[in-house]
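1. prediction below, plus the sequence it came from.
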Amino acid sequence: MVVRIKEKEKYGISTIKPTLFYSCESEKTKLNWFCYELSMGMYDNMKDNIGKKLKKYKISDEVLAEFSIYMSKKIRDVILEVISGKSGEMCFFYEVIEEYFPNFNDRMVNKMLDALSKAWDELRSFCKTCPVRCLSESDVYCAMFNNKDLF
């Protein structure tokens, strides 16, 4: 199957770069790779599910990408709690969205939360069969950061 993407459409993989998830060699961990992938999933889910509504709020693709990166980094500690069993489920907090987008009404915040949760669920589902094991080996060095085709 061939997927054709309109040139004006941007997806997380073309907008969010792996270099934003480490500042030195020791930060090239599987957990940071997971955060990179999660940010792309968040971006794509928000764009696909509520993109038209975001345009009404004048949210550009760049701002949406920045928010996705911000959110995935912000919940990094929560991810560690979930994978260690200290916390039962991932929980996204509306306060973070309201802080980042103060003009959003409650309905829009809820739609954002739904898109973020969907991205989390989709990535976790994919992780079950992925051989990289980002979550079970979260502190291990991730060589995928060295793939220059992604930059």
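-> Noted; the coordinates are in hand. Numbers count the residues shown, from 1 in each chain.

2. low-confidence ranges in the protein?
-> Along the chain, the model assigns pLDDT under 70 to residues 1-13, 150-151.

3. got the contact list for the residue most central in space within it?
-> With distances taken as CA atoms, centre = their mean, the residue of the chain nearest its centroid is residue 39 (1.6 Å). Each residue near residue 39 by CB atoms under 8 Å, 6 or more residues apart in numbering is listed here: 12, 16, 21, 65, 68-69, 71-73. No exception for glycine: its C-beta is placed from N, CA and C like everyone else's.

4. make it 10 Å
-> 12, 15-16, 18, 20-21, 65-73, 119 (CB atoms under 10 Å, 6 or more residues apart in numbering).

5. and the gap between it and residue 88?
-> Distance of residue 39 to residue 88, computed by CB to CB, to the nearest Å: 23 Å.

6. after the longest helix along the chain, which helix or strand is next?
-> In the chain, assigned by DSSP state H, the helix with the most residues is helix 30-56. Following helix 30-56 in sequence order, the next helix or strand is helix 61-74 (DSSP states H and E).
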